Structure formats: structure tokens, C-alpha cells
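Q: Provided below are the primary sequence and the corresponding predicted coordinates.
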Amino acid sequence: MHILRTFLTVGGLAGLMALLSACSTTDGKSATNPRHPGPAIGQSVGEAVGVVGGNVVGAVYGAGEGVVDGVKQPFTNEPHVVRTWHTETTSDGRTIQVPTDILVDQYGRPISK
């Protein structure tokens with residue numbers, strides 16, 4: 001029963017999206033004459049609604065992304081390792097390079113352990 005309900009829900013949403021979507025033809029082959037006042041006004045109103053609707057949706061989406069990035073920022077603590085090298089002489093007289101790793105935050109400030 002659960003699978004049938006999921007299938008019907010997805011099918012209903014797909015059908016709703018298909019009904020709400022529109023086709024646009026700009027190649028000059030239209031069912032109506034765009035030189036008549038009715039279709040010309042309809043085309044203009046449709047374009048205006050599309051532009052305004054698209055901008056509103058874009059603004060809402062952009063605001064949502066901004067909120068998510070702002071909320072995520074305090075929890076982003078990706079440390080980076082800065083490696084420096086210094087020279088040491090071993091007890092048997094050899095000179096070697098020894099790495100020193102420093103854990104830093106995103107601004108390059110050392111993180112104390």
C-alpha cells in the first residue's frame with residue numbers, strides 16, 4: 001500500500017508540474033496571430049509575469065542560500081596544516097631536516113591544542 005501511495009504521489013506531482021508548465025514558441029509559428037491586440041497583450045502579460053515570477057523565485061532562492069551559508073559559517077572549522085622545516089644535527093653528526101606541523105584555522109592563526 002505504501003509503494004502505491006508513493007507512486008500515486010510522484011505521478012500526481014509530475015502531472016501537476018506538466019499542467020503548470022508552459023510552452024513558448026518564438027519561431028513565428030503560433031496558433032494565434034501575434035499582430036492582433038488580444039494575443040499581443042497576452043504575450044506581453046505572459047512575459048512580464050514570467051520575468052517577475054522568475055526574479056521572485058531567484059531572489060527567494062538566493063536569500064535561502066545566503067541564510068544557509070550564514071548559518072553554516074560558525075560550524076565550518078576546517079583546520080589546515082602548515083609545515084615548516086628546521087635543521088637538526090643527530091648524535092652521530094648527520095644533519096637532517098625535521099618537519100614541524102602547525103595546525104591553523106582558515107585565517108592562518110595557530111590553533112592551540
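A: Yes, it's here. Residues are numbered from 1 along each chain as shown.
Q: So which residues of this protein form strands?
A: Secondary structure of the chain (DSSP state E): strands at 80-89, 95-104.
Q: where does the residue nearest to Thr32 when sequence neighbours are not counted land on pLDDT?
A: Sequence neighbours aside, Pro39 is the residue nearest to Thr32 in space, at 4.0 Å (criterion: Cβ to Cβ, 6 or more residues apart in numbering). From N, CA and C alone the C-beta is placed, and that goes for glycine too. In this model, Pro39 is scored at 79, pLDDT.
Q: and if you look at Gly28?
A: The model's pLDDT for Gly28 equals 58.
Q: that older thread, now the strands of the chain in JSON lines, with distance to Val67, mean pLDDT and mean neighbour count?
A: Formatted as JSON lines, those follow (distance: least, Cβ to Cβ, whole Å; pLDDT from 0 to 100; neighbours: other Cβ atoms under 10 Å):
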{"stretch": "strand 80-89", "distance to Val67": "27", "mean pLDDT": "92", "mean neighbour count": "9"}
{"stretch": "strand 95-104", "distance to Val67": "28", "mean pLDDT": "92", "mean neighbour count": "10"}
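Q: could those strands go into CSV alongside distance to Gln43?
A: CSV is the format used below for the strands of the chain (distance: least, Cβ to Cβ, whole Å):
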stretch, distance to Gln43
strand 80-89, 55
strand 95-104, 59
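Q: Identify whichever of these lies nearest to Gly58.
A: strand 80-89 (34.3 Å; Cβ to Cβ).
Q: State the distance from the residue nearest to Thr100 when sequence neighbours are not counted to Val98.
A: Once flanking residues are discounted, Thr100 sits nearest to Thr84: 5.0 Å by Cβ to Cβ, 6+ apart. Separation of Thr84 from Val98 (Cβ to Cβ, to the nearest Å) stands at 10 Å.
Q: Overlap in contacts, the two.
A: With contacts defined as Cβ atoms under 8 Å, 6 or more residues apart in numbering, no residue is shared by Thr84 and Val98.
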